[in-house]
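S.K.: Quick one, structure for this:
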Amino acid sequence: MKLIYIANIRMPTEKAHGHQISKMCEQFSREGEKVELWVPARRSSLEGDIFSFYNLENNFKVRKIFCLDLFFLEKYIGPLAFWLEFLSFYFSALIRAAFLAPKTLIYTREVLVCLFRIFFFRVIYECHSIPKKEKSFFMISRLADKIITISANLKEIFLRQGFRENKILVAPDAVDLSIFDLRLSTREARQKLGLPPEGKIIIYTGKLKTMDMDKGVGDILAALAKLPADVLFLAIGGSEEDIAFYQKQAQELKVAGKVKFITHVSQNKLAIYQKAADILLMPFPFSKHYAYFMSPLKMFEYMASQRPIIASDLPSIREVLNKENCVFCQPDNPADLAGKISLLLKDETLARKVARGAYQDVDKYDWQQRVENILKFIR
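M.R.: Predicted structure coming up:
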């Protein structure tokens, strides 16, 4: 089967969706599909190709599709830069798709690609959120042959709109266990990274904001003010702009000396950082997106690390984590977060218990099983 994955995003990108898309293409190819990833021919400040940047097996083709890449003029032409890229990419992709064999399978995370049904292709739409313009969104997504949702809550939303249950599969995100299941002690990890061997280290990984929404880093900084002086917080993966924003916030809260911000690092190095942690944090605020739509990659990476997790008590998180493999905190509550951090730092038995529980549960969330389930469903 020839499978075309269409993604209108800059690749490679430091954002999590780039990693998720590339891992899916790699695994589809490992399962025997002939895979092409179609992305816009856009400029990137990041070094290396997709395979080296994401540490992938070079087993699928990346096709750069023509587009008007004028984002360097965005401060002069504003939203026009987006619309010119958007329209030119889809127009170019449609022209190229017209020459594909009719049995080609189109896979995408972008609802507009469902319109490629005009060429009688099978289109599989993987949904990660529901946009504000729901009416047009559901009208277009009905064109998809099958829909993959990353959470059960997302599936329920489609069902309430009258979609057939046998058209939708819930497939949470996943983790590459060959990278994140390291045999490395906390002390060894800290030695490799040049981190202090003593003291407590709490870590958050990934982008610091999504769609300009805080992902809980603000609450971590506020919680730090209530924690002992020997607790060091590492935030790994933020953009320079977001780091500057939170550094200012840390200074205002008088905790700047207890915080270290680190920009994007490779998956292999990220795995070492997680092993260096006493606690891994996911204190997402309460919002519709965080509570019902998301399936964060960091959650599965954390589970593989054999380190205790503190996460916000949200329905989306509860689909994977529970009281046996996680300590829950109240969203938007720095005081409760500080209390849960203190609890885990003091109670080593509890910390070992939830870390072990998460590690035992992560086996079913690897990329191979995710892709196998999806292929079985769409066939």
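S.K.: Enumerate every residue touching the residue nearest to residue 181 when sequence neighbours are not counted.
M.R.: In this structure, residue 181 finds its nearest non-sequential neighbour in residue 304, 4.8 Å apart by CB to CB, 6 or more residues apart in numbering. C-beta: built from backbone N, CA, C; applies to glycine. The contact partners of residue 304, taken as CB atoms under 8 Å, 6 or more residues apart in numbering, are 175, 177, 180, 181, 359, 362.
S.K.: Around the second one, count how many other residues there are.
M.R.: It stands for residue 177. 18 (other CB atoms under 10 Å).
S.K.: Could you measure from it over to residue 93?
M.R.: Residue 177 sits 34 Å away from residue 93, going by CB to CB, to the nearest Å.
S.K.: Which helix or strand lies directly C-terminal to the lengthiest helix in the chain?
M.R.: The longest helix of the chain (DSSP state H) is helix 80-97. Sequence order places strand 105-108 as the next helix or strand after helix 80-97, per DSSP states H and E.
S.K.: I'd like the distance from the helix or strand following that following strand to the chain centre, please.
M.R.: Scanning forward in sequence from strand 105-108 by DSSP H and E, the next helix or strand is strand 122-127. Relative to its chain's centre, strand 122-127 lies at 18 Å (CA atoms, centre = their mean, to the nearest Å).
S.K.: For the remainder of this discussion, apply numbering that starts at 850.
M.R.: Happy to do that; since the first residue is 850 now, the last one works out to strand 971-976.
S.K.: So what touches strand 971-976?
M.R.: Strand 971-976 has contacts (CB under 8 Å, 6+ apart) with 952-958, 960, 962-963, 965-966, 990, 992-999, 1003, 1007, 1020, 1223, 1227.
S.K.: Residue 1081 - that's part of a helix, no?
M.R.: No: applying DSSP: H, G, I helix; E, B strand; the rest coil, one finds residue 1081 to be strand, outside a helix.
S.K.: Please give me every residue in contact with it.
M.R.: Neighbours of residue 1081 in contact, by CB under 8 Å, 6+ apart: 1044, 1045, 1048, 1049, 1050, 1051, 1107, 1108, 1109.
S.K.: can you tell me the average pLDDT over the longest helix of the chain?
M.R.: For helix 929-946, mean pLDDT rounds to 95.
S.K.: which residues touch that helix?
M.R.: 853, 855, 857, 887, 889, 891, 912, 914-920, 922-923, 953, 955, 961, 965, 968, 970.
S.K.: which ones among the residues you listed are found in helices?
M.R.: Using DSSP H to define helices, the subset of the contacts of helix 929-946 located there is residue 923.
S.K.: Drop anything exposed from the contacts of helix 929-946.
M.R.: 853, 855, 857, 887, 889, 891, 914, 916-919, 953, 955, 965, 970 (16 or more other CB atoms under 10 Å).
S.K.: Could I get the buried residue list for the helix or strand harbouring residue 1194?
M.R.: Assigned by DSSP H and E, residue 1194 falls within helix 1183-1195. Within helix 1183-1195, the residues that count as buried by 16+ other CB under 10 Å are 1183, 1185, 1186, 1187, 1189, 1190, 1191, 1193, 1194.
S.K.: From the residues you listed, pick the one nearest residue 1127.
M.R.: Checking those against residue 1127 by CB to CB gives residue 1194 as the nearest, at 6.4 Å.
S.K.: That closest one touches residue 1159, doesn't it?
M.R.: No: in this structure, residue 1194 is not within contact of residue 1159 by CB atoms under 8 Å, at 10.6 Å.
S.K.: got any residues that touch both of these two?
M.R.: Contacts common to residue 1194 and residue 1159, judged by CB under 8 Å, 6+ apart, are residue 1128.
S.K.: what residue ranges in the protein score low on pLDDT?
M.R.: Of all residues in the chain, none has pLDDT under 70.
S.K.: rerun that using 80 as the cut-off
M.R.: 896, 951 (pLDDT under 80).
S.K.: Give me the domain ranges for it.
M.R.: 851-1019, 1026-1213 (automatic domain parsing).
S.K.: could you dump these to TSV with distance to residue 1219?
M.R.: Putting the domains of the chain into TSV (distance: least, CB to CB, whole Å) gives the following:
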stretch	distance to residue 1219
domain 851-1019	7
domain 1026-1213	9
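S.K.: Can you say which of those is packed in most?
M.R.: Most buried of the domains of the chain, by mean neighbour count (mean count of other CB atoms under 10 Å): domain 1026-1213, with a mean of 19.
S.K.: end to end, how far does that one reach?
M.R.: Taking CA to CA, to the nearest Å, the first and last residues of domain 1026-1213 lie 11 Å apart.
S.K.: how distant is it from the center of its chain?
M.R.: On CA atoms, centre = their mean, the centre of domain 1026-1213 falls 14 Å from the chain's centre.
S.K.: which residues sit in contact with residue 919?
M.R.: 926, 929, 930, 933, 934.
S.K.: As JSON lines, those residues with distance to residue 1175 would be great.
M.R.: Below are the contacts of residue 919 laid out as JSON lines (distance: CB to CB, whole Å):
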{"residue": "926", "distance to residue 1175": "46"}
{"residue": "929", "distance to residue 1175": "45"}
{"residue": "930", "distance to residue 1175": "42"}
{"residue": "933", "distance to residue 1175": "45"}
{"residue": "934", "distance to residue 1175": "40"}
